[in-house]
Structure formats: C-alpha cells, structure tokens
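J.: Have a look; sequence and predicted model below, questions after that.
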Amino acid sequence: MTTETTSTTPAFRYAAVTFDCADPVELSRFYGEMFGLSVAYSSDDFVFLAGKDGTAGLGFNRLADYRRPTWPDPAQEKQAHIEVGVDDLDEAEARLLTLGATKPESQPQPDRWRVLLDPAGHPFCITTLV
C-alpha cells in the first residue's frame, strides 16, 4: 500500500520594498508625493506607505550609519533601484525635482530614461512606457 502526499505551493504576494535611509519621514514624504501613497504606519525609526486600495507599499527604515549611494561612482554602490513608468519624461523629471530629487550628470540614455536620486541618494529611473 502506498500513501500519497500532496503538497501545496504557498501563495506569495509582493508586499513592499523597504529603503534604508537616515530620515524615514523625509524620504517617505518624497515617495508618498510621487506615488500618491499615504502613511499606514509610522514610528521614530520606520515609516510605511500604502495605497488606499491595499496595493503594495514602500517602507523606510532609519539606519544610524546610513551612507548615501554614490552612483555612478562605485565607492558606495546603489544596491538596488526602482523603475518608475511615466507618460512624459520632461514633465515627470520637473515634478520630481520640485519634490526633492536631484539629477546626476551621468545619464546613460536620457531619451529613453532618466536617472534621478531621491533625497537620501538612492538612484531611481523614470522611463516612458512604450
């Protein structure tokens, strides 16, 4: 007699990405404005943003010895970055610069995408969806 075992594959859902930073309140304000997300949880060392419809969110974690990425200089690598789809590169760039982003001189393909830095120095890209 054989016994059969059935296994189920656990369900996985994307929940959030968390950024290390020196000031979680400042960085969450920037991304909250960019994506229209609201603060769902906040403490002295962590802020979590979420969408009103329960969509995935973003977390911001205070790191006492946080070191800004130095992209494109490899001295302090970027570790990760997000890609943000936009309808118009110029308009999106202008808006994000008013929110506190900065634009490094190095732009690998500025006609297709732009590299910006958030207020904590994390590189991110804006790109038109084709």
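T.: Yep, that arrived.
J.: Please, where are all the strands along the chain?
T.: 16-21, 38-42, 46-50, 57-62, 83-86, 113-117, 123-128 (DSSP state E).
J.: Present the ones you listed as TSV; the columns should include mean neighbour count and mean pLDDT.
T.: C-beta: built from backbone N, CA, C; applies to glycine. Output for the strands of the chain, formatted as TSV (neighbours: other C-beta atoms under 10 Å; pLDDT from 0 to 100):
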stretch	mean neighbour count	mean pLDDT
strand 16-21	17	91
strand 38-42	13	94
strand 46-50	21	95
strand 57-62	20	94
strand 83-86	14	90
strand 113-117	21	94
strand 123-128	18	91
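J.: what about residue 34, how many neighbours?
T.: Residues lying near residue 34 (other C-beta atoms under 10 Å) number 19.
J.: I'd say it and residue 98 touch.
T.: No: Residue 34 is beyond contact range of residue 98, at 11.0 Å (criterion: C-beta atoms under 8 Å).
J.: Relative to residue 109, how far out is the nearest residue to residue 101 once chain neighbours are set aside?
T.: In space, and not counting its chain neighbours, residue 101 is closest to residue 116: 4.4 Å by C-beta to C-beta, 6 or more residues apart in numbering. From residue 116 across to residue 109, the span is 14 Å (C-beta to C-beta, to the nearest Å).
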